[in-house]
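Visitor: Below are the sequence and a predicted model for it; my questions follow.
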Amino acid sequence: MYFAALSDTHGYKLHTQRTVEILKSFDPVAVLHCGDIGSLQIPELLGQWPTHYVCGNVDSRLKGLEAAILQAGGIYHHEFGDITIEDLRIALLHSHIPQTLDKAIRGGLYDVVCYGHTHQAEYHMDAKTLVVNPGALYRARRHTIAIFELGKKPPAIWHVEV
């Protein structure tokens, strides 16, 4: 079983639609959006999976975002999500407030910390916490998402180019 993370769509539908096609082949149990959603149409595109969203720095001025997420069947966590998938406790945030990211990583509460904002795909272990940036679907050299395979701690992860 899989779950997926993506970030920084900035309302760009083309790469989001490509992402949907990739996700269909994995049939994830959940999708995590790490912020900078950028338009009210993005939640609709991701509506076929349980999708968790947090706000990014560009989302605060987007009127109607929470309603669009809920209408598409998504879960809106405002600026920070504390999510459990299978037996993994996951922090979901955008990281435009660096102290929040540091606290989530070093607090020892989370198996996985997913964050966006930098537009750079990366992952590393910090003690027992898997820290993941899925990359960005807009304004990046490579447009990437992260796919996680459930069944072990930490979960297996790889970045998929869109």
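Guide: Perfect, I can see it now.
Visitor: any idea which helix is longest in the chain?
Guide: helix 13-26 (DSSP state H).
Visitor: quick one: average pLDDT of it?
Guide: For helix 13-26, the mean per-residue pLDDT is 96.
Visitor: And for that helix, what's in contact with it?
Guide: Residues lying outside helix 13-26 but in contact with it, judged by C-beta atoms under 8 Å, 6 or more residues apart in numbering, are 2, 4, 6, 9, 31, 39, 41-42, 45-46, 48-49, 137-138, 143, 145, 147, 160, 162. (Each C-beta comes from the backbone N, C-alpha and C, glycine too.)
Visitor: now the helices: where do they sit in this structure?
Guide: Residue ranges of the helices in the chain, as given by DSSP H, are 13-26, 42-45, 65-71, 98-106.
Visitor: Any idea how many residues pack against residue 98?
Guide: Neighbour count for residue 98, taken as other C-beta atoms under 10 Å: 9.
Visitor: Break down the chain into its strands, ranges please.
Guide: Secondary structure of the chain, counting by DSSP state E: strands at 2-6, 31-33, 51-53, 75-76, 80-85, 88-93, 112-115, 122-126, 129-133, 144-149, 156-161.
Visitor: dump the residue contacts of the closest residue in space to residue 139 that isn't next to it in sequence.
Guide: With C-beta to C-beta, 6 or more residues apart in numbering as the criterion, residue 139 has its nearest non-adjacent residue at 5.9 Å, and that residue is residue 119. Going by C-beta under 8 Å, 6+ apart, residue 119 touches 8, 135-136, 138-140.
Visitor: try 7 Å
Guide: Residue 119 sits next to 8, 135-136, 139-140 when contact means C-beta atoms under 7 Å, 6 or more residues apart in numbering.
Visitor: now those residues: which count as buried?
Guide: 8, 135-136, 140 (16 or more other C-beta atoms under 10 Å).
Visitor: can I get these in a markdown table with distance to residue 55?
Guide: As requested, those are arranged in a markdown table below (distance: C-beta to C-beta, whole Å):
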| residue | distance to residue 55 |
| --- | --- |
| 8 | 12 |
| 135 | 19 |
| 136 | 16 |
| 140 | 20 |
